[in-house]
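Visitor: coordinates only, sequence not included:
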């Protein structure tokens, strides 16, 4: 009689354990699905803007700051000492000084007092070789996709280091600004992270199935 009581009690307990194991696995899946490690492009990058080695236009005492927030696709630029343009606009470019690739980060003008306060959108970037932000003077309207030769203030930066405007942050090739091209998509950290997360999800799902099957057999 006593053995029968314990036997009937043991079966629902094992069922509860099996359910708990399954719920635990599902919780692990949820955590893995919603969490992702911080990557280099998730950290805001501050670039000090000044008259650098590539600059050949505008006041040499002009200065400013650019903030690049790749995770949110935002660029913010503030500057002082830049003349207001007529029939032209300033255009910000992200440049890979080694490859010569350049992509636009927005167009704007300065106020009559020489101040700039601009916020724009960054394009998706999978190439972490970009190391320079520079302002050029472009005609308005402008049908050409490439930068002009009129280069104003700029600054070198690193996606994993501290940005500088003295040219020490990268090895720029003077005047080697080319039309934007197709950027390489190899070694993308986000792709590698996705592979790791998918593998972890598959392992957790397999573990939940194995535990459920074994406990079901024991209760049977």
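Guide: Perfect, I can see it now. Bear in mind the structure is a predicted one, so any value in this text is a computation, not a measurement. Numbering: from 1, shown residues only.

Visitor: Which residue, neighbours along the chain excluded, lies closest to residue 60?
Guide: residue 51 (4.3 Å; Cβ to Cβ, 6 or more residues apart in numbering). The way it works is simple: take the backbone N, C-alpha and C, and place the C-beta from them, glycine included.

Visitor: hey, where'd the helices end up in the protein?
Guide: Under the criterion DSSP state H, helices of the chain are mapped to 2-34, 189-219.

Visitor: Worst mean pLDDT among those helices?
Guide: Least confident of the helices of the chain, judged by mean pLDDT, is helix 2-34 with a mean of 46.

Visitor: just to revisit the earlier point, number of residues surrounding the residue nearest to residue 60?
Guide: Applying other Cβ atoms under 10 Å, we find 20 residues neighbouring residue 51.

Visitor: got the contact list for it?
Guide: Listed by Cβ atoms under 8 Å, 6 or more residues apart in numbering, the contact partners of residue 51 are 58-62, 152-153.

Visitor: Now do it, the pLDDT please.
Guide: 99.

Visitor: domains for this protein, by residue range?
Guide: With automatic domain parsing as the criterion, the domains of the chain are listed as 2-35+189-219, 40-156.

Visitor: Mind putting the contacts of residue 51 into JSON lines with neighbour count, distance to residue 47 and pLDDT?
Guide: Formatted as JSON lines, the contacts of residue 51 follow (neighbours: other Cβ atoms under 10 Å; distance: Cβ to Cβ, whole Å; pLDDT from 0 to 100):
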{"residue": "58", "neighbour count": "19", "distance to residue 47": "17", "pLDDT": "98"}
{"residue": "59", "neighbour count": "14", "distance to residue 47": "19", "pLDDT": "98"}
{"residue": "60", "neighbour count": "10", "distance to residue 47": "18", "pLDDT": "98"}
{"residue": "61", "neighbour count": "10", "distance to residue 47": "18", "pLDDT": "98"}
{"residue": "62", "neighbour count": "21", "distance to residue 47": "14", "pLDDT": "99"}
{"residue": "152", "neighbour count": "26", "distance to residue 47": "14", "pLDDT": "99"}
{"residue": "153", "neighbour count": "30", "distance to residue 47": "10", "pLDDT": "99"}
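
Visitor: In strands only, show me those residues.
Guide: 152-153 (DSSP state E).

Visitor: between the contacts of residue 51, which is nearest residue 125?
Guide: In terms of Cβ to Cβ, no member of the contacts of residue 51 lies closer to residue 125 than residue 153, at 21.7 Å.

Visitor: right, and the closest one touches residue 78 too?
Guide: No: using Cβ atoms under 8 Å, residue 153 is not in contact with residue 78, being 11.5 Å away.

Visitor: And the residue nearest to residue 60, its phi and psi?
Guide: For residue 51, the backbone dihedrals (degrees, to the nearest 10) come out as phi -80, psi 110.

Visitor: If anything else comes up later, I'll come back, but that's it for now.
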